[in-house]
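Chemist: Structure of the sequence below:
(chains A, B, C and D)
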2 protein chains.
Amino acid sequence: MAQAVRHDEMRAHNLALVLREVRSHGSLTRATLAEVTGLTKTTVSKLVGDLLEAGLVVEAGAVRARERGRPGVEVRVSGDRVAAIGLEINVDYLSVRVVDLSRRVRLRLTQAVDNRLSKPMDVIGDLRRLALSALAQAEGTGLRVVGAGLAVPGPVDIESGEIHNAPNLGWRNVPVGTALDLGVPLRVENEANLAALGELWFGAGRADFLYVSGEIGIGAGLVVNGALFRGARGFAGELGHVVVTPEGPQCRCGARGCLEQYAGQDAFLDAVADRSSFAHGIDAIVAHLEHGDPTTKAACEKAGWALGVALSSAINLVDPHTIVLGGIYAPLFPWIGGVVAETIGGRLAQMRATAPPVEVSRLGSEAAALGAAGQVLETVVADPAALSERLTDRRDPGPR
Amino acid sequence: MAQAVRHDEMRAHNLALVLREVRSHGSLTRATLAEVTGLTKTTVSKLVGDLLEAGLVVEAGAVRARERGRPGVEVRVSGDRVAAIGLEINVDYLSVRVVDLSRRVRLRLTQAVDNRLSKPMDVIGDLRRLALSALAQAEGTGLRVVGAGLAVPGPVDIESGEIHNAPNLGWRNVPVGTALDLGVPLRVENEANLAALGELWFGAGRADFLYVSGEIGIGAGLVVNGALFRGARGFAGELGHVVVTPEGPQCRCGARGCLEQYAGQDAFLDAVADRSSFAHGIDAIVAHLEHGDPTTKAACEKAGWALGVALSSAINLVDPHTIVLGGIYAPLFPWIGGVVAETIGGRLAQMRATAPPVEVSRLGSEAAALGAAGQVLETVVADPAALSERLTDRRDPGPR
DNA sequence: ATATTTAGTCCACAACATAGACTAATTCGG
DNA sequence: CCGAATTAGTCTATGTTGTGGACTAAATAT
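Modeler: All right, here's what the predicted structure looks like:
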């Protein structure tokens, strides 16, 4: 658990503190950095020196922070040295994103493919090919990719990187963590959780919210005080199986009346009674809605009500500051957001002064892959000392 | 947010580490302490010396830890110097507990009284009298009470110590935090949260569980990795208003079909159709059950089912390791525990290998007051350096 | 009685942050 | 245009803390 703190860890902590402050302020001089951190100018200078040497920050031009006196030299996070790769396997696409330490997206590769039709190992092979080509391109521009993150639609054992059960893909007990070897450390995580983190770091940027990921299944990622809440075993956020009506329609989870039966992608398509092409399902629905189709509108009403009911349980239990609707709910937001907010507001009327606002995600299907990459970058910012050690002795590429 | 780390904070951290290890192991020699913390014997000796001087630990007799060689001197947490006071205002009683740093309960005062019949300030006055007498007794035995915790049945603003709305007491906007002045720092917190912490520190002692507090209202406290989960605004855990049936009976929260309408104390009493005496309501119900009364048994079945439905939503959302039933559910456990576990198990069948076990609380109505005291002791263990400063200059009794 | 083993202390040293003097680079005012 | 004022950043001496190994203390084994 908690361990002894020695001089080197004190230094590592302060190094991380400085890097975090530089990032959160965009750019800072050493003098203001000393002010905001509470460290002395001497210490800040030494720490910034180390960060410069490691290539994690760069000096921008001189600026006059105050009107009089010598101008300071601003320091900002360097996007030219360190990067991470984010991957996503979803039902109908594979995607790869390379993001540098300054959170700029350097490379986007997306491949539309129905992954339910292939064997897991073949899908992993496809993704590996995409990822390796992205890695090669990134390394070619001088970036050093320090780690990879992978988003999958279903609960994952984070330690082993094994997918227990991804019902929408039809996968069971697939050891992606070990099968997808890219030569860099890999972390596998639930898609909804990573999409929430993506929203945190690349989207709206609030520190407290519940992200709702509507796909074939419905997941949620809870961010509290800037950190993901995973629960005891890492299975938290299964919003799709929260009860809407205890004796409602049978769900494939074994229970009855789960949210997924009312507001999952299939429920929409069933309601619209036009399941011609699954891949363009959402586009078709939006088209119907834009033409004012009453059946589709009614389906939205019903799904929005169910989502509101399930979310009111969630709000009572975990008290999020805001609700962010993502996945298929993002394009449907104009027709569904109002009902959701009204249902929540109605059910929470007496419990709290104001119900959490319901907002729409700013990132489309990119959220999870970006969150996956961002999570790797976050480990770098949390412990820059560990990285610079690894960067200095390049002989050893570092174990898993 | 995160702040700079200096030498004094390094020391404070290691001091806390040593104290924590001493507590979690019961008693330890300096040598084994050096092993488990990773610090050197020299450093451990210095830190232990400071803790001894502050009176937070004491030396027990010498023991031969290993067969050969000089025997070590074991050190354990001292229960004779530092203590905390835990208070609870509930609907039908006031209670006070004094607990020393070694977590021994030194004093118990409970007063049965229907607090709905008095004005809030009168109730606070009653509690203050009880608490001051307990404080005097404790100080008389040489204990130094370093802080107080207060449990109230309803959501609280932790910062200000103000109760927004305690519907079961009929209180609104009562500033208990400032009104109840005991001369020591006071922290006010929701009863369910503190009962969960009480269970953590004085009861079963698991590090991950969801504690369900069934009283007139139904609350829950979620403990994850030994820490309380409060949500963004501190209102998490309102299990009583999780949806069981979205169009069910009207709840006083404004919604319909909340758990409280099915499994709250009033729902039980209504079902049994014998609301003769509220104070002994639960005892009467247990008596009926022990005589095999079928109406009461049916009420348990229904409440247990509803609790299982709401808990299955909670498990999907927050993934607790274990469910602990407390409050009125503790005496009812023999008749209700089975249905709850079955309902949960049935609804989670396909989602995870095993559903969280449903257990019964080991502490009766004492849980919340003990948790309140324990929370104060935890701040001492988390930062013993801050306390010893305050203990050394006794002129200044400390602000707030 | 002596060797061995383990506990705990002592002392020289290393790592880190601090405080304040010092140098560098700019603006302001005459 | 030059000196005073002001702010940025570096340098040096110092203080606090943990480390490592030598040392003393107290037990058991032979």
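Chemist: what helix or strand is the residue of the stretch 251-400 of chain A at minimum distance from DNA strand C on?
Modeler: The nearest approach of the stretch 251-400 of chain A to DNA strand C comes at A:A385, 8.5 Å away (Cβ to the nearest atom of the strand). Where you see a C-beta, it was placed from the backbone N, CA and C, and this is true even at glycine. For A:A385, the element it lies in under DSSP states H and E is helix A:384-392.
Chemist: nearest spatial neighbour of A:L370, skipping sequence neighbours?
Modeler: A:G198 (4.1 Å; Cβ to Cβ, 6 or more residues apart in numbering or on different chains).
Chemist: which residue sits closest to A:A255, ignoring its sequence neighbours?
Modeler: In space, A:A255 is closest to B:R347, 3.9 Å off (Cβ to Cβ, 6+ apart).
Chemist: List the contacts of that neighbour.
Modeler: Under the criterion of Cβ atoms under 8 Å, 6 or more residues apart in numbering or on different chains, the neighbours of B:R347 are A:243, A:253-256, B:308-309, B:312.
Chemist: Most neighbours out of those residues, which is it?
Modeler: Counting neighbours by other Cβ atoms under 10 Å in any protein chain shown, A:V243 leads the contacts of B:R347 with 29 neighbours.
Chemist: and A:L132, what is it in contact with?
Modeler: For A:L132, the contact set (Cβ under 8 Å, 6+ apart) comprises A:L182.
Chemist: I'd guessed A:R11 sits against A:D383; true?
Modeler: No. Judged on Cβ atoms under 8 Å, A:R11 makes no contact with A:D383 at a distance of 11.2 Å.
Chemist: and the gap between the residue nearest to A:A204 when sequence neighbours are not counted and B:V272?
Modeler: Spatially, and ignoring its direct neighbours in sequence, A:A204 is nearest to A:R362 (5.8 Å; Cβ to Cβ, 6+ apart). Note on A:R362: its distance to B:V272, by Cβ to Cβ, to the nearest Å, is 53 Å.
Chemist: out of these two, which sits in the more crowded spot?
Modeler: B:V272 (19 against 16).
Chemist: Determine the number of other residues adjacent to the spatially closest residue to the more buried one that is not a sequence neighbour.
Modeler: Excluding the flanking residues, the one nearest B:V272 by Cβ to Cβ, 6+ apart is B:T296, at 5.3 Å. With neighbours defined by other Cβ under 10 Å, the count for B:T296 comes to 24.
Chemist: Please, which helix or strand holds B:T296?
Modeler: Going by DSSP H and E, B:T296 is part of helix B:294-318.
Chemist: same thing with A:L87?
Modeler: strand A:82-89.
Chemist: Okay, A:S133 and DNA strand D: tell me how far apart.
Modeler: 41 Å (Cβ to the nearest atom of the strand, to the nearest Å).
Chemist: how close does A:Q137 sit to A:V77?
Modeler: 22 Å.
Chemist: Between the two, tell me which one has more neighbours.
Modeler: Set side by side, A:Q137 and A:V77 show unequal neighbour counts under other Cβ under 10 Å, the larger going to A:V77 at 24 against 14.
Chemist: Going by contacts, tell me the helices and strands next to the helix holding B:T296.
Modeler: Contact here means 3 or more Cβ pairs under 8 Å, 6 or more residues apart in numbering or on different chains; DSSP states H and E; on that basis helix B:294-318 packs against helix A:294-318, strand B:209-214, strand B:218-224, helix B:260-263, helix B:265-272, helix B:281-290, helix B:329-347.
Chemist: which stretch among the ones you listed comes nearest A:E247?
Modeler: Closest of the helices and strands packed on helix B:294-318 to A:E247 is helix B:329-347, at 11.4 Å (criterion: Cβ to Cβ).
Chemist: now the angle between strand B:218-224 and that closest one, please.
Modeler: 70 degrees (axes from the mean of the first three to the mean of the last three Cα atoms, to 10 degrees).
Chemist: so helix B:329-347 versus helix B:294-318, what angle?
Modeler: 60 degrees.
Chemist: Using PDB, write out the CA atom coordinates for helix B:329-347.
Modeler: In PDB, the C-alpha atoms belonging to helix B:329-347 read as follows (Å, rounded to 0.1, in the frame of the first residue of the first chain):
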ATOM      1  CA  TYR B 329     -32.400  -5.000   8.200                       C
ATOM      2  CA  ALA B 330     -29.900  -6.400  10.800                       C
ATOM      3  CA  PRO B 331     -32.600  -7.800  13.100                       C
ATOM      4  CA  LEU B 332     -34.700  -8.700  10.100                       C
ATOM      5  CA  PHE B 333     -31.800 -10.400   8.300                       C
ATOM      6  CA  PRO B 334     -32.900 -14.000   9.000                       C
ATOM      7  CA  TRP B 335     -36.200 -13.400   7.100                       C
ATOM      8  CA  ILE B 336     -35.000 -10.900   4.500                       C
ATOM      9  CA  GLY B 337     -31.400 -11.800   3.700                       C
ATOM     10  CA  GLY B 338     -32.200 -14.800   1.600                       C
ATOM     11  CA  VAL B 339     -34.700 -13.100  -0.700                       C
ATOM     12  CA  VAL B 340     -32.300 -10.200  -1.200                       C
ATOM     13  CA  ALA B 341     -29.500 -12.500  -2.100                       C
ATOM     14  CA  GLU B 342     -31.700 -14.600  -4.400                       C
ATOM     15  CA  THR B 343     -33.100 -11.500  -6.200                       C
ATOM     16  CA  ILE B 344     -29.600 -10.100  -6.700                       C
ATOM     17  CA  GLY B 345     -28.200 -13.400  -7.800                       C
ATOM     18  CA  GLY B 346     -31.000 -13.900 -10.300                       C
ATOM     19  CA  ARG B 347     -30.700 -10.500 -11.900                       C
END
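Chemist: What's opposite A:G72 in the beta bridge?
Modeler: A:V63 (DSSP bridges).
Chemist: again, but for A:L87
Modeler: The partner residues for A:L87, given DSSP bridges, come to A:V96, A:L150.
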